[in-house]
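**Q** what's the 3D shape of this:
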Amino acid sequence: MAPIFDYKAFTTDGKPAKGTVEAENQKSARLQLKKQGITVTDITEKTAEKPNLSGGLPFMGNRVGIRDVALMTRQLASLVKANIPLVQALNALVAQTENQRLRVVLRQVMEDVNEGSSLAKATGKHANVFDNISVNMIEAGESSGNLSLVLLRLADLKEAQMRLRSKIVSAMTYPALMMGVAGFLMIAIFTFVIPKLTKIFDSMNKPIPPTTKFLMILSDFIVNYWWLIGIAGFVGVGFFRSYISSKKGAPKWDAFKLRVPVVGPLVRMIAVTRFSSTMATLLSSGVPILTSMNIAKNLVGNIPIAKAIGDARENITEGQSIAEPLRKSGEFPPLMIHMVSIGEKTGELPDMLKNVAETYEEQVDTRITGMTALLEPAMIIGMGIAVGFIVISVFIPLLSISDINTH
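**A** Numbers count the residues shown, from 1 in each chain. Model (predicted):
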């Protein structure tokens, strides 16, 4: 697969043009464009840091997802295991990778390795594609001579992360869709239905029930001040996101999530699963325990739990075990602490952590399924109550109109 070049040029009729072209080098690219009648004004080799595909959208090939990285890692592991030289293996990946941004990154990695760089150092230059855990594991694999095995474990870890994320997204998709439809229906009722009924109610010259009056006021506000609601919502969401991303707000928000009934235990289980699976993979790949804990700390996704891991890491440097400082933090479940303690005593800590990860991954799956099963009827009941309230509030005055007409 030839390198890819971005170019700016003029066509035969003098119109500006830009795009990409594949060629062995810049000179070949210019000649190729010249044969097409294009006059080149600027041409540069595409790099990973400038992945824009002539205005392409992020979901049209620019973005490198975890699925792409996992697949590429497993393919590289298979090639290395087959005793294919690393440069040739990377070249084969460049030729068969469909994601253009990842293909550019792999080509740069291949060129660096071909010039004498280690694979870990070459991948470390592309933090937007290869995270710390990938680079550290690759470095450990190269140092131990078990690169193919480490790459397989890395692919397993990436796929496990992908499965966990997919479970959460798929579980929340249907409830989110239901909420969206319910919200749309409510807006339609308050915007189009209630205003027409309001005119009827105003012409009745009779006392209106408080619930009906409330709906009329709410409908009037939505119709006349929808822009204010939009601005308030936009500002509120922006302020909330800014607060939970700040140094002061992020720890409080993460601590609050752990205390929320039903949701809190799930958040904790997800963090424990990430920590255990990451530690198991890193330790079994030969990464030092302090380095492993530092990496795992940054992957749990919860500040109080990450702080507990950091404190435990500091205690390990003083000669203590992992289990005891984790237990004192109060952030980890007793089952995990017990299994980690056994793993330390028997010298099988990576295997025990892997068992912990598998156990809690199953529990996360069960919890999400259970929450989804409960959420659907709860939302249906909530929608029924809201619709029932509106119907009753509307029909009571209408029934009084019917009584007037019959008399």
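
**Q** all helices for the stretch 101-250 of the chain, in order.
**A** 119-124, 132-144, 147-188, 194-202, 210-224, 226-245, 249-259 (DSSP state H, counting those that start in this stretch).

**Q** would you turn these into a markdown table with mean neighbour count?
**A** For glycine as for every other residue, the C-beta is placed from the backbone atoms N, C-alpha and C. Shown next, in a markdown table, are the helices of the stretch 101-250 of the chain (neighbours: other C-beta atoms under 10 Å):
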| stretch | mean neighbour count |
| --- | --- |
| helix 119-124 | 21 |
| helix 132-144 | 21 |
| helix 147-188 | 16 |
| helix 194-202 | 15 |
| helix 210-224 | 15 |
| helix 226-245 | 11 |
| helix 249-259 | 15 |
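
**Q** can you tell which of these is closest to residue 370?
**A** helix 147-188 (10.0 Å; C-beta to C-beta).

**Q** to residue 34, which of the helices of the stretch 101-250 of the chain lies closest?
**A** helix 119-124 (34.0 Å).

**Q** quick one: list the elements packing against that closest one.
**A** Contacts defined by 3 or more C-beta pairs under 8 Å, 6 or more residues apart in numbering; DSSP states H and E place helix 119-124 against helix 100-114, helix 132-144.

**Q** quick one: average confidence on it?
**A** Per-residue pLDDT over helix 119-124 has a mean of 90.

**Q** now do the helix or strand containing residue 75 against helix 147-188, angle only.
**A** Residue 75 belongs to helix 66-81 when assigned by DSSP states H and E. Put simply, helix 66-81 runs at 170 degrees to helix 147-188, going by axes from the mean of the first three to the mean of the last three C-alpha atoms, to 10 degrees.

**Q** give me the residues contacting the very next helix or strand once past helix 66-81.
**A** Sequence-wise, the next helix or strand downstream of helix 66-81 (DSSP H and E) is helix 86-96. Helix 86-96 is contacted from outside by 1, 72, 75-76, 79-80, 84, 103, 106-107, 109-110, 113-114, 119, using C-beta atoms under 8 Å, 6 or more residues apart in numbering.

**Q** C-alpha coordinates for helix 86-96, PDB please?
**A** Presented in PDB, the C-alpha positions along helix 86-96 are these (Å, rounded to 0.1, in the frame of the first residue of the first chain):
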ATOM      1  CA  LEU A  86       7.800  -7.500  12.300                       C
ATOM      2  CA  VAL A  87       8.300  -5.000   9.500                       C
ATOM      3  CA  GLN A  88       6.600  -7.400   7.000                       C
ATOM      4  CA  ALA A  89       3.800  -8.100   9.400                       C
ATOM      5  CA  LEU A  90       3.200  -4.400   9.800                       C
ATOM      6  CA  ASN A  91       3.300  -3.900   6.000                       C
ATOM      7  CA  ALA A  92       0.700  -6.700   5.600                       C
ATOM      8  CA  LEU A  93      -1.500  -4.900   8.100                       C
ATOM      9  CA  VAL A  94      -1.200  -1.600   6.200                       C
ATOM     10  CA  ALA A  95      -2.300  -3.300   3.100                       C
ATOM     11  CA  GLN A  96      -5.400  -4.900   4.600                       C
END
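
**Q** contacting residues around the helix holding residue 75?
**A** Contacts of helix 66-81 (C-beta under 8 Å, 6+ apart): 86, 88-90, 92-93, 96-97, 99, 102, 106, 129-130, 134, 147-149, 151-152, 154-155, 158-159, 161-162, 165.
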